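Chemist: Build me a model from this:
(chains A and B)
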Protein chains: 2
Amino acid sequence: MKIKLAIALALGAATAAAWAGDVEDQIRFRQSAYSFLSWNTAKIKAQASDHPETYNKDEVIAAANAIAGVANSGVFEKLYGAGTDKGTGWKTSRLKPEFFEKQDEAKEFNSNFIKEANELQKVAASGDVAAIKTQFGKLGATCKGCHDLIRIRE
Amino acid sequence: MKIKLAIALALGAATAAAWAGDVEDQIRFRQSAYSFLSWNTAKIKAQASDHPETYNKDEVIAAANAIAGVANSGVFEKLYGAGTDKGTGWKTSRLKPEFFEKQDEAKEFNSNFIKEANELQKVAASGDVAAIKTQFGKLGATCKGCHDLIRIRE
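Modeler: Residues are numbered from 1 along each chain as shown, chains lettered A, B, ... in the order given. Next comes the predicted model:
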C-alpha cells in the first residue's frame, strides 16, 4: 500500500514537471546536480575522513573530478533564474526568496566553491589522505555558508 | 490549484524517498546523475550541432568535463544493485527487469560510454567544432544502445 502510494505520488510529480516550463526545468536540473554532487562528496567524506581504512585513490580522484565537473558547469549562472524560488523540480524548490537580493554574496560563495573544488581535484590526485581531508573541509565550508544564506532548512 | 497539487505530490514523493532504503537512494542518485548529464549533453548538442553560431569553447569544455565526471563516477558499478528495477527514486525506476540477465552487454555499453566521454573531453579542449559534433555522435550512440537494451520506454 505504501509503495503503491509512493509510486502514484512520484508519477504525479513527474507529470507535474512535464507541464512545467523553464523554471521547473532549472529547479530539476539544479536539484539533480546537487544530488549527484552529494553522492560524490559522501564518497570522499567516507574514504578520507570517517573511514580512512576504506580509502581508494582512484575512487576519490573520480569523485573529486565529478565534484569539479558540477562546480564548473554553470549551475549558479544558468539555473537560478527569476522565479526559481517558487515551483517544483523533482521536489519543491528550497531557494529563499531573498536570494534575489543577496546575489553578490551568493556569487562569492559560488566562486569560492569553484576554487575549492578545483583545488580538491588537484589534492585528490596527490593521494595524500590528510591533505584531502583538510581540503574537503574547505569545500564543505563553502557549501554550508551558501546553504545558510539562501536555502530553506528542511 | 494545479501548482498546489504539484507541490503536494512532490512533497509526497520526497517523503516517500525519506523512508526508502538503499535501493531508493541508488535509483535517485542515478536519476540525478543522468539528469545532470542530459543538461550537459543538451549544451553540446545546441552549440556544436544545432546552433553552431552559439558555440562557446569554454562552456563546451565545461560540459564535456561534467559528462566525463559522470561517466567515470561509478554509476554503473554502484547504482544498479539488486532490486533497482523496482522502486522509486525521484520517480519510478525505468530499468527493465531483464537488465540483470544482460549485465555483460550493458557493461560493454558502459565501457564504451566511458571511452567516448573521455575522448569527447579531449576533443572539446581542441576547439574543433566539427570534430566535437562527430565525437558527440559517437557518445550518443552508446547512450542510445544502452537505453534500447535496459530502459523502459516512456
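
Chemist: how about the nearest residue to A:Phe136, chain neighbours excluded?
Modeler: Spatial nearest neighbour of A:Phe136, chain neighbours left out: A:Ile44 (5.4 Å); criterion: C-beta to C-beta, 6 or more residues apart in numbering or on different chains. C-beta coordinates here come from the backbone N, C-alpha and C atoms, glycine included.

Chemist: Hmm, A:Ala66 is touching B:Asn72, no?
Modeler: Yes. Between A:Ala66 and B:Asn72 there is a contact under C-beta atoms under 8 Å: 7.4 Å.

Chemist: Settle it for me: which of these two has more neighbours?
Modeler: Ranked by neighbour count (other C-beta atoms under 10 Å in any protein chain shown), A:Ala66 and B:Asn72 place A:Ala66 first, with 31 against 20.

Chemist: and the gap between the more buried one and B:Glu119?
Modeler: Computed with C-beta to C-beta, to the nearest Å, the distance linking A:Ala66 and B:Glu119 is 18 Å.

Chemist: ok, the spatially most central residue of chain A - contacts?
Modeler: The residue lying closest to the centre of chain A (C-alpha atoms, centre = their mean) is A:Tyr34, at 2.4 Å. Contacts for A:Tyr34 were tallied using C-beta atoms under 8 Å, 6 or more residues apart in numbering or on different chains; they are A:70, A:75.

Chemist: What strand or helix carries it?
Modeler: Counting by DSSP states H and E, the element that carries A:Tyr34 is helix A:22-44.

Chemist: Past that helix, which element shows up next along the chain?
Modeler: Sequence-wise, the next helix or strand downstream of helix A:22-44 (DSSP H and E) is helix A:57-71.

Chemist: which strands and helices sit next to that following helix?
Modeler: helix A:22-44, helix A:103-126, helix B:57-71 (3 or more C-beta pairs under 8 Å, 6 or more residues apart in numbering or on different chains; DSSP states H and E).

Chemist: Helix or strand next in line after the shortest one, which one?
Modeler: In this case it means helix B:57-71. helix B:75-78.

Chemist: Which positions in that next one come out as buried?
Modeler: B:75-76 (16 or more other C-beta atoms under 10 Å in any protein chain shown).

Chemist: residues in contact with it?
Modeler: B:26, B:29-30, B:33-34, B:106-107, B:110.

Chemist: Show me how far it is from its chain's centre.
Modeler: In terms of C-alpha atoms, centre = their mean, to the nearest Å, the centre of helix B:75-78 is set 12 Å apart from its chain centre.

Chemist: With stretch A:121-135 instead?
Modeler: With C-alpha atoms, centre = their mean, you get 20 Å for stretch A:121-135.

Chemist: Tell me the buried residues in it?
Modeler: Applying a neighbour-count criterion of 16+ other C-beta under 10 Å, the buried positions in stretch A:121-135 are A:121, A:123-124, A:129, A:132-133, A:135.

Chemist: wait, what's in contact with whatever residue of chain A ends up closest to chain B?
Modeler: Using C-beta to the nearest C-beta, the single residue of chain A nearest to chain B is A:Gly69, 2.9 Å away. Taking C-beta under 8 Å, 6+ apart as the criterion, A:Gly69 is in contact with B:62, B:65-70.

Chemist: mind checking pLDDT for it?
Modeler: A:Gly69 is assigned a pLDDT of 98 by the prediction.

Chemist: thinking again about what came up before, of the contacts of helix B:75-78, buried ones?
Modeler: Counted by 16+ other C-beta under 10 Å, those give B:26, B:29-30, B:33-34, B:106, B:110 as buried.

Chemist: in chain A, which helix or strand is least confident?
Modeler: None of the helices or strands of chain A scores lower by mean pLDDT, DSSP states H and E than helix A:2-19, at a mean of 36.
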